[in-house]
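A.B. asks: fold the following, please.
(one chain, ligands or ions: 1)
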Amino acid sequence: MLGLMQDWPLLCHRIIDHAAIYHPERRIISRSVEGPIHTTTYPDVRARALKVAQRLDRDGVRLGDRVATLAWNTWRHLEAWYGILGVGAVYHTVNPRLFPDQIAWIINHAEDRVVITDLTFVPLLEKLADKLPSIERTIVLTDAAHMPATTLRNAVAYEDWIAETDGDFAWRQFDENTAAGMCYTSGTTGNPKGVLYSHRSNVLHAMMAALPDSKALSCRDVCLPVVPMFHANGWTLAFSAPMVGATLVLPGAKMDGASIYELLNTYKVTFTAAVPTVWLMLLQDLEKTGGRLPYLKRVVIGGSACPRAMTKVFQEVYGVEVIHAWGMTEMSPLGSLCTIKPDYAGLAGKAKLDLQQKQGHPPFGVEMKITDDSGRVLPWDGKTFGRLKVRGPAVARSYYKVEDDPVFEPDSFFDTGDVATIDRYGYMQVTDRSKDVIKSGGEWISSIDLENLAIGHPKVAEAAVIGVRHPKWDERPLLVVVLKSGQTATREELLAFMAGKVAKWWMPDDVVFVEEIPHTATGKIQKMALRERFRDYVLPTAVAAAE
Ligand code: ADP
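C.D. replies: This next block holds a predicted model:
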């Protein structure tokens, strides 16, 4: 017997309808790419998104067609997303920080028909134009006054493009499982892989992400998503914020410490989210200027492990609660958040910081398990670590145009490629990427733990730990360090600092000092490149073992 409730497909554009009807007073404040601050409202975003949909429809964009966006977080990008969604096309966010060849590969693989771009990326697209045969038209997110002369095919200023419509258009109606958005993961090995979100998965995920033990978003929040919309579905904030009617502050192209600080305080931002590198810049700026954060209440930090020192400074110096979060492009992207359960309510000081090193517990809609290599489920004791596997309504079941990828298991769990522990209260802690974990004498050493420890040394700016070949132990850890500018340190000094804080057999066998550590387009340490660089590195212990 079926239930007798209405069939109300979970379509993304219903979110902007809701925001426009019930939260018309809230503002969307953006730092425009052209420079000035721009302010609009949800009804206006919706009205202009309808024009985008109408115009795409007139240009022949149909259900399931892919429309690429190469753009910063601004009101125009938001309008474009909802317009694309409302005509049944697929927004395909392209990360402009990728190598140009990778951008071309991704656009060709997705077979995007239209590109919507910020002014910033026009020169990049011009250089790539010959390699992008599927692109029929380029829409530049600006007005006629700022439109550059360009060789791009059928290029038009966004404001002119939508001005040719009257907005008298009804959102298209279709099944909630229809494709809505697309985002490629960085693909540290091989080509990037496309994740294809559905309207249903996005709507459900936006609800999960707004829950009290997720981001706890409400219409009383002023929300600043520093995380770009092109990074892992924009951490779903383009959906969660309008869904609850939060005020939105969008940073445009400027994400340096001073620019973010200005937005945080001018607009009394209460909630913000980004990767650790962004917060490193802000905290450095605050240290220099003596700035304070009187309005900010919560900051979500994820994408890579949030250093303990960062949590401490945010909470103890600036009075801002840190929510450490973990997720992946394949998970829409949120998997877990470290909010405090009653079981841990009494924790303070060092013990609370210890807990907040964990990536936290999942919201409803994410199931987790850890297994060994043979698939056997491992205990939740906070110590045993294994492959972290997940499933849920907003978790990918396949990559776009890739058949039978083994990361998607037959019982529908997705192997995240992360290695983690889970404690008795369900708190997950990532100990490593499975390909980065150091396998020493049949046991695993967490590179993340060692990095977190090394970064605690006052002279260390950045640290990475990789496994290097060893004749006796198979692999042993090598610590690669970038010192803060003007500092000098010795190998012995760093090892002495770490000694006694981890098991003896986890201690790095050697330390090398480098000028720079390579990063991916989403700000993560490129372990592959480091492993390649130190492939033939001979550890002092290896020499001893060979003798
Ligand atoms: P990309 O590599 O394109 O940035 P994702 O954003 O999907 O792709 O990266 C997901 C991966 O980032 C996770 O599998 C995990 O290894 C890492 N990650 C994300 N959040 C955290 C976190 N809080 N702590 C440690 N690692 C994290």
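
A.B. asks: how near is residue 122 to the ligand?
C.D. replies: Note on residue 122: its distance to the ligand, by Cβ to the nearest ligand atom, to the nearest Å, is 24 Å. C-betas here are computed from N, CA, C, even on glycine.

A.B. asks: what sits against that residue?
C.D. replies: For residue 122, the contacting residues are 140, 148, 150, 152, by Cβ atoms under 8 Å, 6 or more residues apart in numbering.

A.B. asks: give me the buried positions along the host helix or strand of it.
C.D. replies: Here residue 122, judged by DSSP states H and E, is contained in helix 122-128. Across helix 122-128, burial judged by 16 or more other Cβ atoms under 10 Å covers 122, 125, 128.

A.B. asks: and the last one, what is it in contact with?
C.D. replies: For residue 128, the contact set (Cβ under 8 Å, 6+ apart) comprises 100, 103-104, 107.

A.B. asks: farthest pair in the contacts of residue 122?
C.D. replies: 148 and 152 (9.6 Å; Cβ to Cβ).

A.B. asks: the more surrounded of these two?
C.D. replies: residue 152 (20 against 13; other Cβ atoms under 10 Å).

A.B. asks: where's the more buried one relative to residue 77, distance?
C.D. replies: Here the distance between residue 152 and residue 77 works out to 18 Å (Cβ to Cβ, to the nearest Å).

A.B. asks: sorry, back to before: out of the contacts of residue 122, which sit inside strands?
C.D. replies: residue 140 (DSSP state E).

A.B. asks: could you dump the contacts of residue 122 into CSV with pLDDT and distance to residue 70 added?
C.D. replies: Shown next, in CSV, are the contacts of residue 122 (pLDDT from 0 to 100; distance: Cβ to Cβ, whole Å):
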residue, pLDDT, distance to residue 70
140, 98, 10
148, 97, 15
150, 97, 14
152, 96, 12
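
A.B. asks: also near the ligand: which of the contacts of residue 122, exactly?
C.D. replies: The subset of the contacts of residue 122 within reach of the ligand, by Cβ under 6 Å from any ligand atom, is empty.

A.B. asks: show me what contacts the closest residue to the ligand within the stretch 1-150 of the chain?
C.D. replies: Nearest to the ligand in the stretch 1-150 of the chain, going by Cβ to the nearest ligand atom, is residue 95, at a distance of 7.5 Å. Applying Cβ under 8 Å, 6+ apart to residue 95 gives the contacts 103, 184, 186, 228, 230-231, 521-522.

A.B. asks: which ones, among these, also lie beside the ligand?
C.D. replies: 186, 522.

A.B. asks: nearest to residue 54, of the contacts of residue 95?
C.D. replies: Using Cβ to Cβ, residue 230 comes nearest to residue 54 of those, at 24.8 Å.

A.B. asks: in stretch 496-515, what's buried?
C.D. replies: 497-498, 502, 506-511, 513.

A.B. asks: torsion angles phi and psi at residue 459?
C.D. replies: Main-chain torsions, residue 459, degrees, to the nearest 10: phi -90, psi -10.

A.B. asks: stretch 403-419 and the ligand, are they touching?
C.D. replies: Yes - against the ligand, stretch 403-419 shows contacts by Cβ under 6 Å from any ligand atom at 416-418.

A.B. asks: list, one by one, the residues from the stretch 51-200 of the chain near the ligand.
C.D. replies: 185-186.

A.B. asks: where does the stretch 51-200 of the chain dip in pLDDT?
C.D. replies: Low-confidence segments of the stretch 51-200 of the chain (pLDDT under 70): 187-190.

A.B. asks: the strands in it, which residues?
C.D. replies: 66-70, 90-93, 114-117, 137-140, 155-157, 179-185, 193-198 (DSSP state E, counting those that start in this stretch).
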